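Visitor: Dropping a prediction and its sequence here:
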Amino acid sequence: MSDEVIVSARDVHKTFTVTKTPGIFSRLRGARTEINRIEVLKGVDLDVHKGQTVVILGSSGSGKSTLLRCMNKLETIDSGRILVNGHLVGYEERDGKLVDEKASVTAQKRTDLGMVFQQFNLFLNKTALGNVMAPLQDVKKMPREAAEELALQNLKRVGLLDRKDNYPSKLSGGQKQRVAIARALAMDPSVMLFDEPTSALDPELVEEVLAVIKAIAAQGTTMVIVTHEMQFARDIADVIVVMDQGIIVEKGTPDEVFFRPKHAKTYALLKRSGLAVEPPAAS
Ligand SMILES: Nc1ncnc2c1ncn2[C@@H]1O[C@H](COP(=O)(O)OP(=O)(O)OP(=O)(O)O)[C@@H](O)[C@H]1O
């Protein structure tokens with residue numbers, strides 16, 4: 001394992017505030033606006049080393065996607081630190097305090113992270129090639145020809161060169177997700193973040209996307225993957241992290257986590273997925 005830490009999260013806390021305003025009739029009956037605070041991350045520490053594939057598992061609502069989104073500053077954190085390549089993402093430190101940095105600086109730093117979402121997020125009015133070229137031209141300011149060459153190389157990496165002129169409406173879900181992966185890869189990020197990349201796919205399309213992600217991992221790309229695909233997690237991960245209610249309850253190699261889970265929540269998760277293991281001794 002490389003000593004170089006690409007992503008470092010320390011004591012990360014995140015709370016969402018949800019405001020529920022009652023309808024007019026309820027208000028006439030005296031109902032008040034409810035303000036609920038949901039503490040989603042309660043002090044998360046995580047290091048991702050260069051070349052490592054870290055898979056985050058956990059039951060629904062445990063905070064996995066939020067952690068990923070905080071890494072990318074799609075969400076702000078309340079306290080703690082997230083460094084990507086040694087830089088604070090989204091913040092700068094002034095007089096010992098964290099303040100929001102300029103959006104342009106965040107946009108630049110964000111190119112260090114490639115993100116693949118559940119719902120692909122492709123431009124519907126652009127071809128597969130156009131989708132991959134767009135951030136190269138718009139964010140990296142590459143000239144058209146260079147952007148096209150790099151986009152074609154990356155479409156080839158995900159096996160979609162023959163679909164380069166297709167619009168998203170003419171691509172299957174699996175192909176759309178592979179275009180999204182090519183688009184993120186083309187930016188040459190330090191780390192790729194995958195947020196449940198196969199959850200929106202029909203079951204028969206899942207495997208082609210997982211195979212592409214496995215191939216990219218085998219090329220030494222640093223990755224953090226949130227997934228519910230347990231077998232895939234076991235196959236691809238160097239490190240598996242299990243989250244429960246906003247904290248990391250277990251961390252280990254796939255063999256450790258799958259065959260010798262230490263935490264009752266990990267055991268419950270494996271059992272729900274039909275993976276038979278012995279219950280942890282200490283629970
Ligand atoms: N923007 C938001 N506003 C309010 N609550 C939110 C927001 N985003 C997430 N949450 C809440 O935070 C909690 C954690 O959500 P998160 O999506 O991080 O969980 P998860 O572990 O990724 O779950 P899943 O596996 O179902 O995607 C949930 O209770 C969710 O409803």
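Guide: Sure thing, it's come through.

Visitor: which parts of the stretch 51-200 of the chain sit against the ligand?
Guide: Residues of the stretch 51-200 of the chain lying close to the ligand (Cβ under 6 Å from any ligand atom) are Gly58, Ser60, Gly61, Ser62, Gly63, Lys64, Ser65, Thr66. The C-beta positions use only the backbone N, C-alpha and C, and glycine is treated the same way.

Visitor: Using a markdown table, lay out those residues together with secondary structure and pLDDT.
Guide: Shown next, in a markdown table, are these (DSSP: H, G, I helix; E, B strand; the rest coil; pLDDT from 0 to 100):
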| residue | secondary structure | pLDDT |
| --- | --- | --- |
| Gly58 | strand | 94 |
| Ser60 | coil | 91 |
| Gly61 | coil | 92 |
| Ser62 | coil | 95 |
| Gly63 | coil | 96 |
| Lys64 | helix | 96 |
| Ser65 | helix | 96 |
| Thr66 | helix | 96 |
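
Visitor: Quick one, which of these are buried?
Guide: Among those, those classed as buried by neighbour count (16 or more other Cβ atoms under 10 Å) are Gly58, Ser62, Gly63, Lys64, Ser65, Thr66.

Visitor: just to revisit the earlier point, now, the most widely separated pair of the residues of the stretch 51-200 of the chain next to the ligand?
Guide: Using Cβ to Cβ, the two most remote members of these are Ser60 and Thr66, lying 12.2 Å apart.

Visitor: Can you tell me, leaving aside adjacent residues, what's nearest to Glu208?
Guide: Gly174 (4.6 Å; Cβ to Cβ, 6 or more residues apart in numbering).

Visitor: Contact partners for the one you found?
Guide: Leu201, Leu205, Val206, Glu208, Val209 (Cβ atoms under 8 Å, 6 or more residues apart in numbering).

Visitor: give me the element it is part of.
Guide: helix 173-186 (DSSP states H and E).

Visitor: Please apply the same query to Leu46.
Guide: strand 34-49.

Visitor: Output the below-cut-off pLDDT ranges for the stretch 51-200 of the chain.
Guide: Residue ranges of the stretch 51-200 of the chain with pLDDT under 70: 90-93, 98-99, 101-110.

Visitor: so where do the helices sit in it?
Guide: 64-71, 103-110, 128-138, 144-157, 173-186 (DSSP state H, counting those that start in this stretch).
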